[in-house]
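> Quick one: sequence and predicted model below, then my questions.
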Protein chains: 2
Amino acid sequence: MNLILLAPEDIENHRLARVTDPRRLRHLREVHRATPGDRLTLGVLGGGIGQGELLALDDREATFRLDGLDQPPPPALPVHLVLALPRPRMLARSLEHATALGVKAITLLHTRRVEKSYWQSPELAAEKIHQHLVLGLEQARDTLLPTVTLEKGFRPFVEERLPGLLEGRRGLLAHPGMAQACPRGIDDPTLLLVGPEGGFIPWEVEKLLEAGCEGIHLGPRILRVETAVTALLARLF
Amino acid sequence: MNLILLAPEDIENHRLARVTDPRRLRHLREVHRATPGDRLTLGVLGGGIGQGELLALDDREATFRLDGLDQPPPPALPVHLVLALPRPRMLARSLEHATALGVKAITLLHTRRVEKSYWQSPELAAEKIHQHLVLGLEQARDTLLPTVTLEKGFRPFVEERLPGLLEGRRGLLAHPGMAQACPRGIDDPTLLLVGPEGGFIPWEVEKLLEAGCEGIHLGPRILRVETAVTALLARLF
């Protein structure tokens, strides 16, 4: 928690905020070991960043005096990430990594090798997804939540949504064995597609290439989804 | 487990191998859903890679007929990673990520902001470290184990070991706020130093820069250690 992210309900007025949830109170006490008078970095969900002074901290509440929270959050990555739905624990970490790295649009996609049971996971509840996004923002000192969209059918996604997503974006399909190495240091608006454990099936690869995506690879090593997502984003941008 | 990594004791002769540990047997049954006749990718610890045919699989043993395991493992990264010892769960994942990405030399270092208790963690037992390295190799279809060295004193490391490690290597100190952005696509032999949660302290940064390291940064976002390690390796090499 490198930033205390204030939700609208945490803000009493432009000078005073109260944090009351057990997770953040515990973190303030046990990790920050914060005491009244400490100055900490705060940000408003969807808004600016600045400093605040901790006025009081007990088991039920932390009170902050806010200075101007008027600095912008760090720049976002120009990417929409389309990720075949990973298994639940991997999903949690992938959402946190991608959010911390500055991704602002994430689509979770069904593909042939995504186990159907993953779509029943409690990790897909809106509040669970929100929690992981918030952890990523707190880590990277960001305030702008990514949007997360669920696409439970591959064919409707490719036929109905993909053409629109590719308007004004460079489509990059990350898949082992593609001809082109992952490009470095681009700044094009990009749609990045990453397959499930076991990969996209050949028919899916064909449909994505037909739709105008370029196939790219990260070399001969097969990486876990969460490692691949971080490696691709770090190399591309 | 994209490769079944055979230890010397698994190999009966150049044509026959037996796998008997519960972890791999369970993985073969439940994830690969392997049945006799299936051809799988196998590798010899420290040696070559190839295909083998599963001859039999039950609760106690999997038997493989080996074809020539004569292909080389994927290329290694030209980097020695010096990582401030992370907290235990983060250590496990960082070792797996680094190994999967092709790091062959890892030093775990004490720094001021490493909690002393981390050095007592059972995760630092040689067999636990070995397990995480093996998971990384199996993931990336590699056979060459990294070496892992523990350095429990920062000053002795900097004064006695660092000058030797920097002979013939480019020293890169990854630390927020350094002047130079992380370079992209280098192939120099490199010593990459990554600090703990909370970072190196200013005195440590000063000593490392004095020793000849270049300070580099990944931008304004503060990343978790495991995310930073993957992002640095993917951007550098």
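Looks like it came in fine. Numbering: from 1, shown residues only, chains lettered A, B, ... in the order given.
> and the helix or strand encompassing A:Ala17, which residues are buried?
Assigned by DSSP states H and E, A:Ala17 falls within strand A:16-19. Within strand A:16-19, the residues that count as buried by 16 or more other C-beta atoms under 10 Å in any protein chain shown are A:Ala17, A:Arg18, A:Val19. C-beta: built from backbone N, CA, C; applies to glycine.
> which residues touch stretch A:95-104?
When contacts are defined by C-beta atoms under 8 Å, 6 or more residues apart in numbering or on different chains, stretch A:95-104 is touched by residues A:74-77, A:79, A:81, A:83, A:106, A:129, A:132-133, A:135-137, A:139-140, A:142, A:144, A:146-148, A:226, A:229-230, A:233-234, B:221, B:223-224, B:227, B:231.
> Helices - which of those land there?
The helices, defined by DSSP state H, take in A:129, A:132-133, A:135-137, A:139-140, A:226, A:229-230, A:233-234, B:227, B:231 from the contacts of stretch A:95-104.
> Scan these and report the most crowded one.
Within the ones in helices among the contacts of stretch A:95-104, neighbour counts (other C-beta atoms under 10 Å in any protein chain shown) peak at B:Thr227, which reaches 30 neighbours.
> quick one: contacts for that one?
Taking C-beta under 8 Å, 6+ apart as the test, what B:Thr227 contacts is A:His97, A:Ala100, A:Leu101, A:Thr230.
> Please repeat the previous calculation with a cut-off of 6 Å.
Contact analysis of B:Thr227 by C-beta atoms under 6 Å, 6 or more residues apart in numbering or on different chains lists A:His97, A:Thr230.
> how close does it sit to A:Glu138?
13 Å (C-beta to C-beta, to the nearest Å).
> What is the burial count for A:Arg113?
If you count neighbours by other C-beta under 10 Å, A:Arg113 ends up with 14.
> distance of it from B:Pro36?
From A:Arg113 across to B:Pro36, the span is 23 Å (C-beta to C-beta).
> Also A:Leu144?
Using C-beta to C-beta, A:Leu144 is found at 54 Å from B:Pro36.
> which of those two has more neighbours?
Neighbour count, other C-beta under 10 Å: between A:Leu144 and B:Pro36, A:Leu144 has more, with 18 against 11.
> which residues does that one contact?
Counting by C-beta under 6 Å, 6+ apart, the residues that A:Leu144 touches are A:Pro73.
> same question, A:Thr143
A:Gly43, A:Leu45, A:Gly47, A:Pro73.
> could you say which helix or strand contains the residue nearest the centre of chain A?
Chain A has A:Thr99 as the residue nearest its centroid, 2.5 Å off, counting by C-alpha atoms, centre = their mean. For A:Thr99, the host element (DSSP H and E) is helix A:88-101.
> how about that helix: buried residues?
Burial within helix A:88-101, assessed by neighbour count using 16+ other C-beta under 10 Å, is assigned to A:Met90, A:Leu91, A:Ala92, A:Arg93, A:Ser94, A:Leu95, A:Glu96, A:His97, A:Ala98, A:Thr99, A:Ala100, A:Leu101.
> does A:Met178 really touch A:Leu218, like I thought?
No: at 9.6 Å, A:Met178 does not count as touching A:Leu218 under the criterion of C-beta atoms under 6 Å.
> For chain A, which residues are neighbours of chain B?
Selection of chain A residues close to chain B by C-beta under 6 Å from any C-beta of the partner chain yields A:2, A:74, A:97, A:100, A:139-141, A:184-185, A:220-224, A:227, A:230-231, A:234-235.
> quick revisit: quick one: work out the angle between the helix holding A:Thr99 and helix B:88-101.
Helix A:88-101 and helix B:88-101 are oriented at 80 degrees to each other (axes from the mean of the first three to the mean of the last three C-alpha atoms, to 10 degrees).
> And helix A:88-101, how far out from the chain middle?
In terms of C-alpha atoms, centre = their mean, to the nearest Å, the gap separating the centre of helix A:88-101 from the centre of its chain is 6 Å.
> Buried residues, the strand ranked longest in chain A. List them.
Longest strand in chain A, counting residues (DSSP state E): strand A:49-57. Neighbour counts over strand A:49-57 (16+ other C-beta under 10 Å) mark A:Ile49, A:Gly52, A:Leu54, A:Leu57 as buried.
> okay, now the spatially closest residue to A:Met1 that is not a sequence neighbour: neighbour count?
Spatial nearest neighbour of A:Met1, chain neighbours left out: A:Glu138 (4.6 Å); criterion: C-beta to C-beta, 6 or more residues apart in numbering or on different chains. By the other C-beta under 10 Å criterion, the neighbourhood of A:Glu138 contains 23 residues.
> in terms of contact, does A:Glu138 touch A:Leu6 like I think?
No: applying C-beta under 6 Å, one finds A:Glu138 not in contact with A:Leu6, separated by 11.0 Å.
> Quick check: end-to-end length of stretch A:38-53?
6 Å (C-alpha to C-alpha, to the nearest Å).
> State the mean pLDDT of that stretch.
The average pLDDT for stretch A:38-53 rounds to 95.
> Show me what it is in contact with.
Contact partners of stretch A:38-53, identified using C-beta under 6 Å, 6+ apart, comprise A:3-7, A:54, A:64-71, A:143.
> By neighbour count, which of these wins?
Neighbour counts for these were taken using other C-beta under 10 Å; the highest belongs to A:Phe64, with 26 neighbours.
> Could you list which residues are in contact with that one?
Contacts of A:Phe64 (C-beta under 6 Å, 6+ apart): A:Ala17, A:Gly52, A:Leu54.
> distance of A:Ala92 from chain B?
13 Å (C-beta to the nearest C-beta, to the nearest Å).
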